[in-house]
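K.L.:
Please find the sequence and the predicted model below.
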Amino acid sequence: MNPLTRRRITSIALNTAGILVFLFAVFPVYWMVATAFKSNNQIFTTDFIPFPTEPTLDHVSRVFDKGVAGNSIWVYLKNSVIVAVSAVVIGAVFSLLAATAVARFRFKGRVPFLILLLVAQMVPAEALLIPLFLNLQRLGLYDQLFGLVVVNVGMTLPFGIWMLRTFVAAVPKELEEAAWIDGASRFTTFWKVLFPLVAPGLVATSIFSFITTWNEFIYAFTLMKDSTSYTMPVAVQYFFGQRGTDWGGIMATSTLMTIPVIGFFLLVQRRMVSGLVAGAVKG
């Protein structure tokens, strides 16, 4: 077999494997959206129906008209947006500042701090539930959206610091030193030199934080008492009842949940590209 034929076979095999992996990853999402527009007869049939032959908006309209657990679906969506966006913004600020300090300065306790971050990532969320519940009660943040924001920031902060630390450490110190020689202050150097170069990493951590916070269930369900403070993942579980499971409502609500995530990703994806370009110019 000549090298050209071998490269073609390898290319075809890799492309075929990539397509199969893509289909495997996308199929659950497709099935969720398709089921949201199927009738109950098509949902509960034993036959395999790959797409709705008689599409209907009954499930979607029922979710919007009747709401969930006596509340409008917009209440849960608003709570999820508030918690997720607040956690992303607060977490991004603290992650960037902490990562810069760890990557640029050598101080006593630096290594134990990094090890502590790793340990925090290993602890299961269920193990922290009772301590967080007691602490939020003492602080008066139980059943408060701000308390849920604080919990989610703490949950995503270790990963954000570790990831951004790598990005900050990869930026040559000579760039900052050159800016200082030109008379720039530390804040100006941080904002105009370091920040554009670290922006792609900040976007990546923000995507992780947003998705993690948006899909978080156990804290939102346990630390919130009033149903008007619940988020979208908690709203989905109300479709599981003693008399059966409303799969149409689950799929319709889940489809609605994915729209903000996709919109957030498309929004920050542009920032990631602009950050890369800005970093190249600054470098």
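P.N.:
Yep, that arrived.
K.L.:
if I read this right, residue 35 contacts residue 253, doesn't it?
P.N.:
No - if you go by Cβ atoms under 8 Å, residue 35 and residue 253 don't touch, sitting 11.6 Å apart. All C-beta spots, glycine's among them, are computed from the backbone N, C-alpha and C.
K.L.:
With neighbour numbers in mind, choose between these two.
P.N.:
residue 253 (24 against 20; other Cβ atoms under 10 Å).
K.L.:
tell me the secondary structure for that one?
P.N.:
Going by DSSP: H, G, I helix; E, B strand; the rest coil, the secondary structure assigned to residue 253 is helix.
K.L.:
List the contacts of it.
P.N.:
Taking Cβ atoms under 8 Å, 6 or more residues apart in numbering as the criterion, residue 253 is in contact with 63, 68, 73, 232, 235-236, 239.
K.L.:
Tabulate these (a markdown table), appending neighbour count, distance to residue 120 and pLDDT.
P.N.:
Formatted as a markdown table, these follow (neighbours: other Cβ atoms under 10 Å; distance: Cβ to Cβ, whole Å; pLDDT from 0 to 100):
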| residue | neighbour count | distance to residue 120 | pLDDT |
| --- | --- | --- | --- |
| 63 | 24 | 37 | 89 |
| 68 | 22 | 33 | 82 |
| 73 | 19 | 34 | 90 |
| 232 | 26 | 26 | 93 |
| 235 | 26 | 29 | 90 |
| 236 | 20 | 28 | 90 |
| 239 | 20 | 33 | 87 |
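K.L.:
All the helices of the stretch 101-250 of the chain, in order from the start?
P.N.:
110-122, 125-139, 145-170, 173-181, 186-189, 195-215, 218-222, 232-237, 247-282 (DSSP state H, counting those that start in this stretch).
K.L.:
And the ones you listed: which comes nearest residue 90?
P.N.:
With Cβ to Cβ as the measure, helix 145-170 is the member of the helices of the stretch 101-250 of the chain nearest residue 90 (5.1 Å).
K.L.:
how about the closest one: buried residues?
P.N.:
Across helix 145-170, burial judged by 16 or more other Cβ atoms under 10 Å covers 145, 147-153, 155-165, 167-168.
K.L.:
list the helices and strands that helix packs on?
P.N.:
helix 73-104, helix 110-122, helix 125-139, helix 195-215, helix 218-222 (3 or more Cβ pairs under 8 Å, 6 or more residues apart in numbering; DSSP states H and E).
K.L.:
if you set the cut-off to 6 Å instead, what comes out?
P.N.:
Here helix 145-170 touches helix 73-104, helix 110-122, helix 195-215, going by 3 or more Cβ pairs under 6 Å, 6 or more residues apart in numbering; DSSP states H and E.
K.L.:
What is the burial count for residue 54?
P.N.:
Neighbour count for residue 54, taken as other Cβ under 10 Å: 10.
K.L.:
so which strand or helix has it?
P.N.:
Here residue 54 sits in a region with no helix or strand, counting by DSSP states H and E.
K.L.:
For it, which non-adjacent residue is spatially closest?
P.N.:
Spatial nearest neighbour of residue 54, excluding adjacent residues (Cβ to Cβ, 6 or more residues apart in numbering): residue 39 at 5.9 Å.
K.L.:
pLDDT wise, what is that neighbour at?
P.N.:
The score at residue 39 is 88. That number is its pLDDT.
K.L.:
And for residue 62?
P.N.:
At residue 62, the pLDDT value in this model is 87.
K.L.:
how far away is it from residue 187?
P.N.:
Residue 62 is 53 Å from residue 187, where distance means Cβ to Cβ, to the nearest Å.
K.L.:
Looking at the two, which has the bigger crowd around it?
P.N.:
residue 62 (15 against 8).
K.L.:
contacting residues around the helix or strand where the more buried one lies?
P.N.:
Per DSSP H and E: residue 62 is located in helix 58-66. The contact list for helix 58-66 (Cβ atoms under 6 Å, 6 or more residues apart in numbering) reads 36, 73, 248-249, 252-253.
K.L.:
from the contacts of residue 253, which is closest to residue 259?
P.N.:
Scanning these for proximity to residue 259, where the rule is Cβ to Cβ, the winner is residue 232, at 10.7 Å.
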